[in-house]
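Student: I would like the atomic coordinates for the input below:
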Amino acid sequence: ALIGPPGSGKGSYGRKLAQLFSIELLTASTLLKKSKLNITTGKLLDDEVVSETIVQHIPDSPYFLDGFPRTINQVKLMEETWPESLQLNAAISLEVPRQVCLEKVLGRRYCKKCNINWNVADVKYGQFSMPPFLPKKNVDACTGEGDHAWIQRDDDQLEIIEGRLDEFYDTIAPVLEHYESKGKLFRFKPYNGFDDIPRF
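Tutor: Reported below is the predicted structural model:
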């Protein structure tokens, strides 16, 4: 499982790791959207609903799971109700400061025409140095203008992001303690963003 606050880069790191290890990446938010569950308010859904929905999409082969579990109750539901062969055997915690997450989320942009995510935030906070993720000049056609105009997601608004971060920090400590007590937790601080992928 990939665990981290909103804006920590779970999805981005997950895609990189999935490519690196040739393992399928499952994103909890995408699975919930496919099941027509409303997650745009930023509020956590009922744990049983989330657990039952996600397990229906878990493959028999190795996988990375982004965004689940988020609460200790979800962990218990998974361990009590999921087939043993489908359960998580390790968790990666992305240790990214709240301020960094906030800036990265507010910097997210999306191009509908290219179906590509960019990030305009240039974050420098303590040891963290994360440059913007932008198209390469004279290489990428996505310019952020005209048909390639970039947009923000509806839920990438300050009030919603602050609420999501509060909720994450209020519920995640017992989850991390659970996996750490079992020797299944790997803590990782991506000080330099994607450049730190080799340290995994």
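Student: contact partners of the lowest-mean-pLDDT helix or strand in the chain?
Tutor: When each helix and strand of the chain is scored by mean pLDDT, DSSP states H and E, helix 28-34 comes last, with a mean of 85. For helix 28-34, the external contacting residues (Cβ atoms under 8 Å, 6 or more residues apart in numbering) are 39, 45, 50, 53-54, 57, 65-68. Any C-beta I mention is one placed from the backbone N, CA and C, and that applies to glycine too.
Student: now, those residues that are in helices?
Tutor: Judged by DSSP state H, helices contain the following of the contacts of helix 28-34: 50, 53-54.
Student: between those residues, which has the most around it?
Tutor: In terms of neighbours by other Cβ atoms under 10 Å, the ones in helices among the contacts of helix 28-34 top out with V50 at 26 neighbours.
Student: my guess is that one contacts Q74. True?
Tutor: Yes: using Cβ atoms under 8 Å, V50 is in contact with Q74, at 6.4 Å.
Student: quickly list what's touching both of those two.
Tutor: Residues touching both V50 and Q74 by Cβ under 8 Å, 6+ apart: F68.
Student: quick one, strands of the protein?
Tutor: Under the criterion DSSP state E, strands of the chain are mapped to 2-3, 24-27, 63-66, 91-94, 108-111, 116-119, 123-125, 128-130, 150-151, 185-188.
Student: out of those, which one sits most buried?
Tutor: For the strands of the chain, the largest average neighbour count (mean count of other Cβ atoms under 10 Å) is found in strand 2-3, namely a mean of 24.
Student: hmm, back to that, so for L17, which of the strands of the chain sits nearest?
Tutor: Proximity to L17, assessed across those by Cβ to Cβ, is greatest for strand 63-66 (6.0 Å).
Student: any idea of the mean pLDDT in that closest one?
Tutor: Averaging pLDDT along strand 63-66 gives 93.
Student: what is the neighbour count of V105?
Tutor: Around V105 there are 25 residues (other Cβ under 10 Å).
Student: look at the residue lying closest to L94 once chain neighbours are set aside and report its pLDDT.
Tutor: In space, and not counting its chain neighbours, L94 is closest to G4: 3.2 Å by Cβ to Cβ, 6 or more residues apart in numbering. We have a pLDDT of 94 for G4.
Student: and for V50?
Tutor: Per-residue confidence (pLDDT) for V50: 88.
Student: now swap in F188 and tell me
Tutor: Listed pLDDT for F188 reads 93.
Student: OK, contacts around it?
Tutor: With Cβ under 8 Å, 6+ apart, F188 has these contacts: 92-95, 196, 199-200.
Student: if we can go back for a sec, I'd say the residue nearest to L94 and G14 touch.
Tutor: No: in this structure, G4 is not within contact of G14 by Cβ under 8 Å, at 9.9 Å.
Student: still on that earlier bit, and of the ones in helices among the contacts of helix 28-34, the nearest to D170?
Tutor: V50 (16.5 Å).
Student: circling back to that earlier point, how close does the residue nearest to L94 sit to G146?
Tutor: Here G4 is placed at a distance of 35 Å from G146 (Cβ to Cβ, to the nearest Å).
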